[in-house]
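Colleague: Everything below, folded, please.
(2 chains)
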There are 2 protein chains.
Amino acid sequence: MLSRVLSLLCLLLCMSCAAQDHPSLSLTPEGVKMIRSELGNIGLFDQALADAKKEVDAEIELGIKVPIPKDMAGGYTHERHKRNFVVLQIAGNLYQVTGEEKYANYIKESLLAYAKMYPNLPLHPTNRSYATGKIFWQCLNDANWLVYVSQAYDCIYDFLSKKERDHLEKDLFRPFAEFLSRENPKFFNRIHNHSTWANAAVGMIGLVMDDKELVQWSLYGLPNDGINENEVDNDGGYIKVKGVRVAGFLAQLDLSFAPDGYFTEGPYYLRYAIFPFLVYAKALHNNKPALDILNYRDGILSKAVDALMLQTDASGRFFPLNDAQKGMSIEAREIITAIDVMYTYRGQNPVLLSIAKDQNKVLLDETGFTVAKAIQQEKEEPYIQRSAVFGDGESGLEGGVSILRADDACLVMKYSAQGMGHGHFDKLSYSYYDEVGEIIQDYGAVRWVNVDQKGGGRYLPENKTFGKQSIGHNTIVVNEESHYEGSVKKGEENHPELYHVDISNDNLQLISAKENHAYPGTKLHRSLFLFQDEDFSNPLVIDIFRASSINPNQYDLPLWFMGHLLSADFEYSKSMESLEILGDKNGYQHIWKEAEGISANNQFQITWFGNEKFYSMNAVLGENDKLIFGRLGANDPNFNLRNDPVFIHRKENAKSSTYVNIIESHGTYERTTEIPLSPFSQVESIELIEDSREYTILKFKSTKQNEWTLAIANENNSSEALHKLEVNGIDYLWKGVYKIFKNQK
Amino acid sequence: MLSRVLSLLCLLLCMSCAAQDHPSLSLTPEGVKMIRSELGNIGLFDQALADAKKEVDAEIELGIKVPIPKDMAGGYTHERHKRNFVVLQIAGNLYQVTGEEKYANYIKESLLAYAKMYPNLPLHPTNRSYATGKIFWQCLNDANWLVYVSQAYDCIYDFLSKKERDHLEKDLFRPFAEFLSRENPKFFNRIHNHSTWANAAVGMIGLVMDDKELVQWSLYGLPNDGINENEVDNDGGYIKVKGVRVAGFLAQLDLSFAPDGYFTEGPYYLRYAIFPFLVYAKALHNNKPALDILNYRDGILSKAVDALMLQTDASGRFFPLNDAQKGMSIEAREIITAIDVMYTYRGQNPVLLSIAKDQNKVLLDETGFTVAKAIQQEKEEPYIQRSAVFGDGESGLEGGVSILRADDACLVMKYSAQGMGHGHFDKLSYSYYDEVGEIIQDYGAVRWVNVDQKGGGRYLPENKTFGKQSIGHNTIVVNEESHYEGSVKKGEENHPELYHVDISNDNLQLISAKENHAYPGTKLHRSLFLFQDEDFSNPLVIDIFRASSINPNQYDLPLWFMGHLLSADFEYSKSMESLEILGDKNGYQHIWKEAEGISANNQFQITWFGNEKFYSMNAVLGENDKLIFGRLGANDPNFNLRNDPVFIHRKENAKSSTYVNIIESHGTYERTTEIPLSPFSQVESIELIEDSREYTILKFKSTKQNEWTLAIANENNSSEALHKLEVNGIDYLWKGVYKIFKNQK
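Modeller: Model prediction:
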């Protein structure tokens, strides 16, 4: 909070000293001069200019269209107004960069059309949001509009007459900004990505208009919002975080991120949320240098961008944690903005240039120009994805997310806080990736963003009934109930605890966390190792998942493997002529039960084929354990779900249960040679030789007959503690939480 | 047949005049000299040399392993012997190109090991083939071995002493060749790809050994095979084609291909079969130039290669007609051979170089060298995939396959003959592709080639019960029976008839064929148009499928669309809590019935999403038609089937039925922008305004309100015939089989 107070002081001191030049949001007169002097010489920037011209010229050709708002996302008026604000922003930059008045005129005429319509606009007729907009069905999109259009206005500010500006500000911009703030405090005065957009929108138009009141609201929130702490939004998220009454842009910076940049809603939403942060930060950097916004809270925006980049797979796609549509990646325009801004204003880190080079696009402004020029000068250095540990919550102590990487393998464990309304009930879940994509998937959200045919592009009912439920994730489900009884409220009141993490040794990394509140009376403790040895083509995931309870429970551990089942080394009986659902609630009702198997062995193996590769899981098997194959798609009246396969390891009527699994990627197949390379598991055996409250010891052997013993202390996470244990006449001694012993063939 | 007689004469004349130089199969002393003189200068060839060295050196390092045969495909001894023959062939070329004796010694030691084992080898213990091998489970693989190893032997012939050669020929090669021919006449004396391998193997070793008897057998077959016409192979294919007693390599050339190069088993098997044709042809070209093998039957091998290249999608993947594993493409080593040989010996056509460039690999022999050098000299010209029409059968008159292309769209209609044991019951079926891949799929074979976990890599039981069945294809199924009652014998006795094809106009292409024998008393006639107009983002497939019968039938027209159903404009009821099978036999037992709908309208529309694109089908709807959504996977005890979706348009209790469908690819979606472009169908209406025995007339309208009328004559395929018809007071006049009329908005 100290940083907020300091910056408030700075701001007050400087409020009168900044001369009001235009443009000043994403361009400055000096920047424009610099850009103009090098036009035609900087490849990527020239490309951005050519793309922008092509795009805007086509729209000018089409003519200005400002329809009376009526449609949901995907419908005509929604998509038209969305297109308008995007094009206006680009047109503004084009006017500045080229000096061609047709772009200024296009903006002017468009703004006049909006100014004509706006004063008489009622609330959007859809009325489906907790904060219904005027141009769009939700205020959020109205805020998007203003973030973009304030930039366009900024670019033609000096082109317009005083009279024209007065008209626009009186009939359009000031009422628009008031609507998003004073008239919608639940939308404006919240710690949430929606409000970040609102804060940025109101602040940016305030900067252009030199309207100090708007800037003040944007930075520090509305003084008195009177919002009740029980109010929720459409996704079931609380408007107010318990005990937090601050609001505004600086409060967002204080509270939205953990100290190391993790964003509680996860990377997909961070990607969305970071955009208004950065665009407004750029504007504040130009207009309120004394705020030193890019160093605010020890450079939190820079840390957030770093965190975001680390939460991607090998192709730069964000991990679909919580509500997230898959496929969103570093190529998104928000990340282009992030890279351009961070490179330009935060130390010109050359590894960012290699990301920018992959993006192959820059912004049509000073930051894009700076990046394009640096790339032209071949300043880039390779960006290396590394293992990373993120704490969640304002303090960073509310659980977190860790990413273990070795070669191209990438394991993501989620032991974070609930993540508000978009959070999933997926405590201690993990997902696993290789250089091609998903091996063990996180389903993501049940939503087809902007696809009108699927519920207008909004979250579908199955997102709640399946997407968020625990059985849809790779984690233990007790008695077919979701974690925290599937209650966001309970989820927000609790979180797992990091037990131990060690990413210092490339050949054996560990992330271990505990969750004691997801089920009353039941404790969950998962330790995930990423292990490398020359006996194995690729790293192994070693998963030790302990559940202990005061009650006898049914435990299910699902494995959402990506691919086609090739083989199982146990007998199973597959449903041949009819299929039934696996359960009747909490997501189970969406899973067809395809097959069930049992085995008298004390280990089992399944092998599957996906992405032209072979994968196996070897696991320890308890007596009477059930091995179930399921497939998604039941109780799905509108074909909203993908028909993905799942394997479930079930233990019934057990107080304590320990799952031990090894997941491996061992081979490949090429369709043009039809030669399978290493199609069989390289793990020969797996055995749990000790499992107590205090210690778990696992033994496994490779097909090359080398053997390892992996020991972990379950109750003492001191790195200094000495442990000694005798199992089957052998003494195991180690220091710290875990140790691996290799017994050479 | 005349060509066979002439070449026999030539051969007899020249038999004594060819001096026996070594090597002479894929290399010649002159060629080796030429290659050596340019080593280090020809990039692609130098790469081939480096790859070969790396591969063979690693094997030399590993040591020679010639285990006693015992395993099926995928098992150790199988894969080891397979690897051996591949490596030996490369080692031979390496010896010739580099002169390094370690390669010659490696071959010599390997051959001696085989010569030691072979005389005492019994039949392979698996005994699962109609022609069980000795080294492998089937003679086919033994023949593969000899085709490769004869080349290795050829390369070190002069390196060996006379005594060593005598030993190898007496104990290994001659008995090996006799085993494949005289001792297995059903394998050797057949018109089939298996026998082509056998013929090539025996001929090639005959050439190296200068064994005229073997060469004679290879070219003209065994004189008396005594094979009964009812004998079948493991796939249910007949050993002998009715009335055909000729055999041997030239007979294969006469009978395996249609005059324009189509191969009745389809492109996947042609890709496999062409290899021994080409390798032996290359050897014959060098050793028996008077045969002029590459011009035999008017250059049939060259035509076959051309046909093969045309039967690929935009990425060069072969259409999976009949039994075929998907993903096989022009990158296969057989096609590298085909391109290198055809370029070198058949006119050096520069468009082949652009294919070779895509392959980015050449053979380590004279043909590879020639291609690599031409690429280095930048001689290539672009290869353009074009529409093509292929007749099937020796005469080219037993139906066929046509490929219509416009832009990146590619429609493949199959009205070919049965295609022997690997044929599917898919008369008048089609599949549809775009630049990314499949839009409407042909399932291909139910097989995971060489993947041990799936039945040892062989055809799985579901290939017969589903893969070959009519319901698994995009064609009409009557009364839930497959075409020809699912009998290969009946299939081989009949074939559809081409009705009309016109690929002369890029904006409207037609392929139309009839099938009158698939169901007794029922006539099927399908006309598929590929139509382009600026009102549509991409070409439309217009499908008119007429069925007429003397009996009331149930007609099903399946659409194996690739992707996820987005919407349907009719009410359907989806099975929520249990799934049942769609039928009890002929492939229906493998389909879960997911949903069924009906509609009171006279047209319907479905839209799906696949490959990040939007596709729709608009279709004419009859009263009481049922609209069924199914999913593959029932009665599949070992998870052998993919869980692909299917849509089935069902008409019950109807004597005649005409299906009219328009399939379109209209829009795209990008996951990083989340913007759908053109997500809705661009077809507004579709109506059948006339449908009689003689004429079918269809009217359809775009969402831009332009309207077209498409007329086709069903009984008169003369291009000169004049047609006149009044419908709803409008006179339609046209000349030829079809005509499209545009009624501007």
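Colleague: When you work out contacts or count neighbours from here on, use the C-alpha atoms and nothing else.
Modeller: Noted.
Colleague: Distance-wise, check residue A:680 relative to residue A:664.
Modeller: 10 Å (C-alpha to C-alpha, to the nearest Å).
Colleague: what is in contact with these two at once?
Modeller: residue A:616 (C-alpha atoms under 8 Å, 6 or more residues apart in numbering or on different chains).
Colleague: Please identify which helix or strand holds the nearest residue to residue A:593 once chain neighbours are set aside.
Modeller: Once flanking residues are discounted, residue A:593 sits nearest to residue A:630: 4.5 Å by C-alpha to C-alpha, 6 or more residues apart in numbering or on different chains. If you go by DSSP states H and E, residue A:630 is part of strand A:626-632.
Colleague: Kindly report the same for residue A:37.
Modeller: Under the assignment here (DSSP H and E), residue A:37 is part of helix A:29-38.
Colleague: Against which helices or strands is that helix packed?
Modeller: Packing partners of helix A:29-38 (3 or more C-alpha pairs under 8 Å, 6 or more residues apart in numbering or on different chains; DSSP states H and E): helix A:76-98, helix A:366-376.
Colleague: Now do the buried residues in the shortest one.
Modeller: When neighbours are counted by 16 or more other C-alpha atoms under 10 Å in any protein chain shown, the buried residues of helix A:366-376 are found to be A:366-375.
Colleague: And stretch A:577-593, by the same measure?
Modeller: In stretch A:577-593, counting by 16+ other C-alpha under 10 Å, buried: A:577-582, A:586-593.
Colleague: Widest-spaced pair of the residues you listed?
Modeller: The widest separation within those, taken as C-alpha to C-alpha, falls between A:577 and A:586 and amounts to 26.0 Å.
Colleague: more crowded one of residue A:680 and residue A:664?
Modeller: Between residue A:680 and residue A:664, counted using other C-alpha atoms under 10 Å in any protein chain shown, residue A:664 has the larger neighbour count: 24 against 18.
Colleague: OK, contacts around residue A:80?
Modeller: Residue A:80 neighbours (C-alpha under 8 Å, 6+ apart): A:65-67.
Colleague: any weak-confidence spans in the stretch 101-250 of chain A?
Modeller: Along the stretch 101-250 of chain A, no part satisfies pLDDT under 70.
Colleague: Domain map for chain A?
Modeller: A:21-229, A:257-385, A:392-742 (automatic domain parsing).
Colleague: which stretch among those comes nearest residue B:281?
Modeller: The minimum distance between residue B:281 and the domains of chain A falls on domain A:392-742, with 22.5 Å, by C-alpha to C-alpha.
Colleague: Show me what from the stretch 501-650 of chain A comes close to chain B.
Modeller: A:564-567, A:573-581, A:589, A:592, A:634-640, A:642-643 (C-alpha under 8 Å from any C-alpha of the partner chain).
Colleague: Helices along the stretch 201-350 of chain A, start to end?
Modeller: Secondary structure of the stretch 201-350 of chain A by DSSP state H, counting those that start in this stretch: the helices cover A:212-220, A:249-255, A:267-287, A:296-310, A:333-345, A:350-359.
Colleague: For chain B, see how far away the closest residue to residue A:556 other than its chain neighbours is.
Modeller: Spatial nearest neighbour of residue A:556, excluding adjacent residues (C-alpha to C-alpha, 6+ apart): residue A:650 at 4.5 Å. Using C-alpha to the nearest C-alpha, to the nearest Å, one obtains 21 Å as the distance from residue A:650 to chain B.
Colleague: Count residues in the vicinity of residue A:650, would you?
Modeller: Around residue A:650 there are 21 residues (other C-alpha under 10 Å).
Colleague: And the one 5 residues further on, by the same measure?
Modeller: The local packing of residue A:655 (other C-alpha under 10 Å) involves 16 other residues.
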